[in-house]
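Peer 1: next input, structure requested:
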Amino acid sequence: MKSALRLVLLLPLTALFSAGIVSAGLYGEHKMIGDAAFERFMAADTARREFLLRHLGLSTITAQCISSGLTAVAIKPWIGGYYGLTYGDINGIAGDHSRDPVEIYFGLLPPSQALFELNDPETGQPACVDVAQLQKALVQAVRLHHNAIMEGERAASNFAFGLDYLLLSYEDESHFHYVGVPAAEELADLDQNLRRLFEEYRAHLFRFRDPVIERLNTTNVSAKYAMLHCAALDMMYSAGALWNTGQQELAITFIRKALLYNGFADHYLQDAFASGHLVVRRGALHALDDNGAHDYYGRIGLRVRNRRGDSWTSFGDGYIDRDSDTYRYAVDAVAVSLEELWTMFERSRSGTTEASPLEKLVDLPQSDVGRTLVAEYGAFDIMPLEVDRDEVAIGNSRGGTFVQAALGSRGDFVTPGSIGIGVGFALRQVNAPDRVRSRESDFAIAGVLGYTNGHLDSDIDVGRWWEFRFGLEGALFDQLLIGIDNGIRHQEGVARWIWNPHIGYEFKPISWSFAPSVHLHYEVIAKRQPVTFVQVQLRYY
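Peer 2: Below you'll find the predicted structure:
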């Protein structure tokens, strides 16, 4: 985000780096998109609406339950009455507050709607899931978010949800696209092993749950959406077959499960439309810089297009309003996703003999997975196409993690006189999207802390020194650097105060990770003559 605080640390920070340390979406926006799409889905067919209201026990929730006039997917007994959870709420909880749909099922549905695979399929004993703890965590998340929404905010603070929430954000890389990679190629993540593992997971929910979660968390938005959407379609296929044979009660259970699985899938579908989710490189050394790129492009927007020919400027987390194109296209895609569920139920209920969606996916040759799913799942026609790597600054000098090395010369501008090293990271502040529309107009402020050693090419004590600096640095137009440092220099057994204004220019082509820069320094040292020197830096973002 746009004012950056850079701290160049002298300690290794590798343990803090992960591709998952990036915002994965705002609950309020997921809720807004999901609710609108579900209402469109319900309103599109009167008979379908009546069927779902009657057989799923859905109802219209009131303003006291956060949303006015929206249909609740599930109603959970609550102190003082019933508490409505809409499809948008399920979208918001999915992925950011829960690792898989099973946690939502246990955590949010009333006991009367409990998952029938409650016991471990091998031992017959209760599965290793702390239902009470899940309910406490997820319901608390819903309450915090809803309170924030009622107070005019999109979401409560990430830190309000505790360590588990932050760890989930850390480990789940699947909220993001692969930069510059088409959806059909992203879907190659659904390799034969993962598809078969997921089939076993569906058949025996808790036997292979952890391996499936771990694998899916390392995929991308396209792959994770497709896998979970396929599972939801498979459940609707089962529901239709059960309904056709008179097992209506069990069929209703499968419909409820399908909505929860698809609600989980649609969280990632919604993420796919956010501009900040199109530009994240995802790598252990780029995590905090990824966060910077995510926030930056989410705020200023990114020009995108889709397979059916639409073109628009997409915005990201915190900047998706009801009148924005990003919102409109995301709602379209989620409505299509829900529509496909009902179409599958109707086909199966009519007695189709075709294989189930999951069986088809498992049996697909690896080379056909991407092409087939992109053609079959209508959301991929609406989803933004890949962004050209050369069109975005993946790493940028406003912040994010960086490692820097510096080489300087003094006096005669020829003899190398100093070498410095450092590691840093940035925190950013969001500005309103209508205030800054282009990367050229940005100004960032950075705090700098670093260490320099100056004994190079010197065989006498007077030429040897070390110094420790801190100060402020501004980046104007993403390349012009202006800074003022203060610090301590230790030379000849004496420590003296330093005051050092400097100006520099960073040569960093778009999408480069390495950024060379040249700086002109004017260094004032207590009780010594001022010194002018040149320093060359190389930063890796």
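Peer 1: rounded mean pLDDT for stretch 387-400, please.
Peer 2: On average, the pLDDT along stretch 387-400 is 59.
Peer 1: the strands in the stretch 301-450 of the chain, which residues?
Peer 2: For the stretch 301-450 of the chain, applying DSSP state E, counting those that start in this stretch gives strands covering 302-305, 311-314, 402-410, 416-425, 443-453.
Peer 1: helix/strand/coil for residue 469?
Peer 2: Under the three-state scheme (DSSP: H, G, I helix; E, B strand; the rest coil), residue 469 adopts strand.
Peer 1: any idea how far residue 487 is from it?
Peer 2: 3 Å (CB to CB, to the nearest Å). Backbone N, C-alpha and C define where each C-beta goes, glycine included.
Peer 1: nearest spatial neighbour of residue 491, skipping sequence neighbours?
Peer 2: For residue 491, ignoring the flanking residues on the chain, the nearest one in space by CB to CB, 6 or more residues apart in numbering is residue 465 at 3.7 Å.
Peer 1: same question, residue 321
Peer 2: Distance criterion CB to CB, 6+ apart; nearest residue to residue 321, sequence neighbours excluded, is residue 327 at 6.4 Å.
Peer 1: in contact with the one you found, which residues?
Peer 2: Contact analysis of residue 327 by CB atoms under 8 Å, 6 or more residues apart in numbering lists 29, 32-33, 36, 320-321.
Peer 1: rerun at 7 Å
Peer 2: With contact taken as CB atoms under 7 Å, 6 or more residues apart in numbering, residue 327 is in contact with 33, 320-321.
Peer 1: can you lay out those as CSV showing distance to residue 298, neighbour count and pLDDT?
Peer 2: Formatted as CSV, the entries for these read as follows, by distance: CB to CB, whole Å; neighbours: other CB atoms under 10 Å; pLDDT from 0 to 100:
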residue, distance to residue 298, neighbour count, pLDDT
33, 15, 32, 93
320, 9, 28, 87
321, 13, 11, 85
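Peer 1: of those residues, just say which sits nearest to residue 237.
Peer 2: residue 33 (25.9 Å; CB to CB).
Peer 1: elements contacting whichever helix or strand that closest one is part of?
Peer 2: Per DSSP states H and E: residue 33 is located in helix 27-43. Applying 3 or more CB pairs under 7 Å, 6 or more residues apart in numbering; DSSP states H and E, we find helix 27-43 packed against helix 46-56, strand 70-78, strand 81-86, helix 87-93, helix 248-271, helix 325-349.
Peer 1: switch the cut-off to 10 Å
Peer 2: Here helix 27-43 is seen to pack against helix 46-56, strand 70-78, strand 81-86, helix 87-93, helix 131-150, helix 248-271, helix 325-349 when contacts are counted using 3 or more CB pairs under 10 Å, 6 or more residues apart in numbering; DSSP states H and E.
Peer 1: now, of the ones you listed, which is deepest in the fold?
Peer 2: When neighbours are counted by mean count of other CB atoms under 10 Å, the highest per-stretch mean among the helices and strands packed on helix 27-43 falls to helix 87-93, a mean of 30.
Peer 1: hang on, residue 503 in a helix?
Peer 2: No - according to three-state DSSP, the state of residue 503 is strand, so it is not within a helix.
Peer 1: for it, list each beta-bridge partner.
Peer 2: residue 482, residue 520 (DSSP bridges).
Peer 1: what is the burial count for it?
Peer 2: Here the number of neighbours of residue 503 (other CB atoms under 10 Å) works out to 13.
Peer 1: and the gap between it and residue 521?
Peer 2: Using CB to CB, residue 503 is found at 9 Å from residue 521.
Peer 1: could you do residue 310 as well?
Peer 2: For residue 310, the distance to residue 521 (CB to CB) stands at 51 Å.
Peer 1: for residue 495, same thing?
Peer 2: The spacing between residue 495 and residue 521, counted by CB to CB, is 20 Å.
Peer 1: neighbour count: these two, which is higher?
Peer 2: Each of residue 495 and residue 521 has its neighbours counted (other CB under 10 Å); residue 521 has more, 19 against 11.
Peer 1: mind listing what the closest residue to that one other than its chain neighbours touches?
Peer 2: The shortest distance from residue 521 to any non-neighbouring residue, by CB to CB, 6+ apart, is to residue 502 (4.3 Å). Residues counted as contacts of residue 502 (CB atoms under 10 Å, 6 or more residues apart in numbering) are 471, 473, 481-485, 519-523, 533-535.
Peer 1: show the pLDDT at residue 502.
Peer 2: What the model reports for residue 502 is a pLDDT of 88.
Peer 1: likewise for residue 364?
Peer 2: According to the model's per-residue confidence, residue 364 sits at a pLDDT of 94.
Peer 1: so it touches residue 196, yeah?
Peer 2: No - Residue 364 sits out of contact with residue 196 when judged by CB atoms under 10 Å, with a separation of 11.5 Å.
Peer 1: more crowded one of the two?
Peer 2: For residue 364 versus residue 196, the count of surrounding residues by other CB under 10 Å is larger for residue 364: 17 against 12.
Peer 1: give me the number of residues near the nearest residue in space to that one that is not next to it in sequence?
Peer 2: What sits nearest to residue 364 in space, not counting adjacent residues and going by CB to CB, 6+ apart, is residue 372, at 6.0 Å. Applying the criterion other CB under 10 Å, we find 17 residues in the vicinity of residue 372.
Peer 1: residue 372 and residue 49, how far apart?
Peer 2: For residue 372 relative to residue 49 (CB to CB), the value is 31 Å.
Peer 1: next one: residue 194
Peer 2: As for residue 194, its distance to residue 49 is 36 Å (criterion: CB to CB).
Peer 1: now swap in residue 182 and tell me
Peer 2: Counting by CB to CB, the gap from residue 182 to residue 49 is 36 Å.
Peer 1: cool, residue 386 as well?
Peer 2: As it turns out, when the distance is counted by CB to CB, residue 386 lies 37 Å from residue 49.
Peer 1: any weak-confidence spans in the stretch 251-400 of the chain?
Peer 2: 282-292, 390-400 (pLDDT under 70).
Peer 1: isn't residue 104 right next to residue 87, touching?
Peer 2: No - the pair formed by residue 104 and residue 87 falls short of the contact definition of CB under 10 Å, at 11.8 Å.
Peer 1: tell me how many other residues crowd the nearest residue to residue 380 once chain neighbours are set aside.
Peer 2: Nearest residue to residue 380, sequence neighbours excluded (CB to CB, 6+ apart): residue 374, at 4.5 Å. The criterion is other CB under 10 Å. On that basis, residue 374 has 21 neighbouring residues.
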